[in-house]
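Peer 1: The following block contains a protein sequence and its predicted model.
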Amino acid sequence: MALTQTQRSKLERMLDQQYQALLEEVRDALEKSENQQYVELIDRAPADSADQASGDALADLNLAIIDRHVREIRDIDATKVRIVEGSFGTCIDCRGDIGFERLLAYPTAKRCFVCQRQHEKTYAHEGNPTL
Ligand SMILES: [Zn+2]
């Protein structure tokens, strides 16, 4: 069962809202880390971190948050591309329908539940399997 127009519109609205919220949070986090620190952290060579390690746990924390948000924003961007291409809601592995319920919980899902489980099993050593 492919998505109906109504279901797809609902998911698109959810994605837009998440996207805006993420942008807000990134902006916030950037302000808190005062941009300057952010730039310094990015430019900093990995080897000389000893001097600065004590300095900015907060900036590091913000950086981690920003990093995660930016990845989520990219996920949403990729999902919007799939909406335009017409492959949204289709599993990238088995080409089956991902299903509205799963997309409601996880609008950027690229795989159906079965393939996601398989994927996580395959790459379990790399990450944090969910469920
Ligand atoms: Zn699948």
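Peer 2: Sure, I can see it.

Peer 1: State the phi and psi torsions of T90.
Peer 2: Per-residue torsions, T90: phi -110, psi 130 (degrees, to the nearest 10).

Peer 1: Can you name the residues bridging to it?
Peer 2: Going by DSSP bridges, T90 is paired in beta bridges with D97.

Peer 1: Assign a three-state SS to L3, would you?
Peer 2: Put simply, L3 is coil when judged by DSSP: H, G, I helix; E, B strand; the rest coil.

Peer 1: Do you know the pLDDT at it?
Peer 2: pLDDT for L3: 92.

Peer 1: A64 now?
Peer 2: 86.

Peer 1: Give the buried residues for the helix or strand harbouring it.
Peer 2: Assessed by DSSP states H and E, A64 sits inside helix 57-85. Using 16 or more other CB atoms under 10 Å as the test for burial, helix 57-85 gives 59, 62-63, 65-66, 69, 72-73, 75-76, 79-80, 82. The C-beta positions use only the backbone N, C-alpha and C, and glycine is treated the same way.

Peer 1: What helices and strands are in contact with the helix or strand following that helix?
Peer 2: Per DSSP H and E, the first helix or strand lying C-terminal to helix 57-85 is helix 100-105. For helix 100-105, the packing partners by 3 or more CB pairs under 8 Å, 6 or more residues apart in numbering; DSSP states H and E come out as helix 5-32.

Peer 1: The residue lying closest to L3 once chain neighbours are set aside: neighbouring residues, count only.
Peer 2: In space, and not counting its chain neighbours, L3 is closest to G89: 4.8 Å by CB to CB, 6 or more residues apart in numbering. Other residues near G89 number 24, with proximity taken as other CB atoms under 10 Å.
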